[in-house]
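**Q** Show me how the following folds:
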Amino acid sequence: MKITTFTDTFIKKLKPSDKKYVRGEGNGFTVRVMPSGVKTWLYVYSFDDKRHEMNLGSYPDVTLETARGRFDDARKKVKNGIDPIAEKEQAEIERKKTPIISDFVTEYIENYAKIHNKGWKEIERALKANIVSKWGKRKITDIKKRDLVLLLDEIVNHAPIMANRTLAYTRKLFSFAVNRGVLEIHPFLRMDAPAPAKVRKRNLTFAEIKALWTNLDASKMSSNIKRVLKLILVTGQRPGEVIGMHTSEIDGRWWTIPEERSKNKQAHRVYLTDLAIELIGDKEGYVFESPVNVGKSLEVRTLTHAIKENLPHTAESKVVDYLKIPHFVPHDLRRTFTSRMAEMGTFEDTIDRVQNHIAIVKAGVRKNYNHYPYDNEKQQALESWEQKLNSIIS
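**A** All right, here's what the predicted structure looks like:
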């Protein structure tokens with residue numbers, strides 16, 4: 001093999017022959033010329049008494065400068081007892097084991113979110129819309145902190161709350177990847193939220209409650225949604241728990257929210273007043289069944305959308321104002337229940353029991369000893385609230 005110093009001019013002048021041939025510069029840095037005219041950079045070396053040819057890329061796609069750099073790196077590895085071809089093959093094997101983002105999001109939803117998060121559908125929607133749409137075909141190990149920073153910058157300008165949620169959902173996704181052995185290091189730890197957190201304080205006054213209750217009947221909402229919104233206000237329970245109500249959970253005057261549907265994973269008994277029973281009706285199965293997905297319940301986003309369609313949420317909105325009160329979201333009705341009950345003089349601990357909050361007193365030692373269900377106190381509180389509510393809306 002003829003040895004010479006490679007230059008771009010030299011490589012360009014190499015012409016194909018009837019048979020393949022090679023030219024070397026020395027120390028194993030070689031170019032192979034095929035009869036087809038294809039020129040390939042090679043590193044020819046010995047390792048464990050065996051001859052190896054490492055493909056460094058094809059010319060001119062891989063320039064002389066790039067090929068020489070790859071050759072230098074590989075040669076240093078051989079000098080340090082590392083076979084660069086074996087190392088590359090192992091890296092490719094490991095890379096094949098590493099999932100792309102779209103596949104891993106599916107794995108996360110199926111094996112974690114559906115099990116541990118009642119709101120997994122919203123998490124799935126957000127991840128697919130904001131993460132999979134941008135990174136779907138990239139390996140999860142290729143995603144760096146800077147990638148998420150830039151992505152959140154795009155979202156925060158038009159949807160600051162969604163930007164914060166995207167950070168939270170993505171951080172949890174990558175924590176799951178660390179736990180599954182897909183990643184060694186979490187790239188998003190200690191990242192600050194892209195938008196300042198806003199604590200919602202919206203709660204309806206007694207006058208607004210009366211206006212809402214009256215105007216709901218004239219709104220463009222379905223009967224199901226009207227009843228759900230009223231029942232959230234009557235019972236003080238979480239919107240997601242109310243819309244998922246099933247007749248199998250109701251026994252006479254008591255509705256038991258099972259632990260798998262409860263936000264704090266604690267089963268919870270709710271007393272049903274006359275008004276609550278009237279709103280629930282006598283339907284079998286899901287009380288508030290989705291008209292689109294038969295056999296399944298409504299979703300919280302359906303409630304939120306219905307409110308936006310009947311109540312302007314910005315000054316520029318052209319939506320017809322059917323409800324005649326300032327804008328609110330479904331969870332604000334639960335906060336309204338809390339605020340108005342407190343205004344009536346109901347003990348804070350009783351309100352916590354009614355709403356299944358994990359109060360400070362229940363988080364300490366007493367939680368291991370006090371198993372009294374507080375059913376009487378719950379019933380009295382909800383009956384008092386119903387009396388007040390009837391006086392408001394009548």
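
**Q** Tell me where this structure is predicted with low confidence.
**A** 1-3, 95, 359-370 (pLDDT under 70).

**Q** Show me how it divides into domains.
**A** Following automatic domain parsing, one finds the domains of the chain at 8-96, 101-179, 206-393.

**Q** residues in contact with the nearest residue to residue 193 once chain neighbours are set aside?
**A** Distances taken as Cβ to Cβ, 6 or more residues apart in numbering place residue 164 nearest to residue 193, at 4.7 Å, with adjacent residues excluded. The C-beta positions use only the backbone N, C-alpha and C, and glycine is treated the same way. Residue 164 is in contact with 193-195, 197, counting by Cβ atoms under 8 Å, 6 or more residues apart in numbering.

**Q** Determine the three-state secondary structure at residue 164.
**A** helix (DSSP: H, G, I helix; E, B strand; the rest coil).

**Q** How many residues are close by the residue nearest to residue 263 when sequence neighbours are not counted?
**A** Distances taken as Cβ to Cβ, 6+ apart place residue 238 nearest to residue 263, at 6.1 Å, with adjacent residues excluded. Residue 238 has 22 neighbours, counted by other Cβ atoms under 10 Å.

**Q** and if you look at the one 4 residues further on?
**A** The local packing of residue 242 (other Cβ under 10 Å) involves 32 other residues.

**Q** how much space between it and residue 225?
**A** Residue 242 sits 11 Å away from residue 225 when distances are taken as Cβ to Cβ, to the nearest Å.

**Q** Overlap in contacts, those two.
**A** By Cβ under 8 Å, 6+ apart, the residues touching both residue 242 and residue 225 are residue 288.

**Q** the strands in this protein, which residues?
**A** 21-26, 29-33, 39-47, 50-59, 250-251, 254-257, 268-271 (DSSP state E).

**Q** CSV for those, including mean neighbour count and distance to residue 211?
**A** Rendered in CSV, the data for the strands of the chain read as follows (neighbours: other Cβ atoms under 10 Å; distance: least, Cβ to Cβ, whole Å):
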stretch, mean neighbour count, distance to residue 211
strand 21-26, 15, 86
strand 29-33, 22, 83
strand 39-47, 19, 78
strand 50-59, 15, 72
strand 250-251, 14, 30
strand 254-257, 18, 28
strand 268-271, 21, 26
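
**Q** okay if I get these as a markdown table plus distance to residue 214?
**A** Shown next, in a markdown table, are the strands of the chain (distance: least, Cβ to Cβ, whole Å):
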| stretch | distance to residue 214 |
| --- | --- |
| strand 21-26 | 89 |
| strand 29-33 | 85 |
| strand 39-47 | 80 |
| strand 50-59 | 75 |
| strand 250-251 | 28 |
| strand 254-257 | 26 |
| strand 268-271 | 25 |
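
**Q** Of the ones you listed, which is nearest residue 371?
**A** Nearest to residue 371, of all the strands of the chain, is strand 268-271, at 12.8 Å by Cβ to Cβ.

**Q** so how far is the closest one from its chain's centroid?
**A** 30 Å (Cα atoms, centre = their mean, to the nearest Å).

**Q** what do you get for stretch 260-280?
**A** On Cα atoms, centre = their mean, the centre of stretch 260-280 falls 27 Å from the chain's centre.

**Q** Please identify the buried residues of that stretch?
**A** 261-263, 268-273, 275-276, 279-280 (16 or more other Cβ atoms under 10 Å).

**Q** Stretch 215-233 now?
**A** 215-216, 219, 221, 224-233.

**Q** for stretch 295-307, same thing?
**A** Per 16+ other Cβ under 10 Å, stretch 295-307 contains these buried residues: 297-300, 302-303, 306-307.

**Q** Run the chain-centre distance for that stretch.
**A** Going by Cα atoms, centre = their mean, the spacing between the C-alpha centre of stretch 295-307 and its chain's C-alpha centre is 19 Å.

**Q** who's the spatially closest residue to residue 14 that is not a sequence neighbour bridged to?
**A** Once flanking residues are discounted, residue 14 sits nearest to residue 33: 5.2 Å by Cβ to Cβ, 6+ apart. When bridges are called by DSSP bridges, residue 33 pairs up with residue 21, residue 39.
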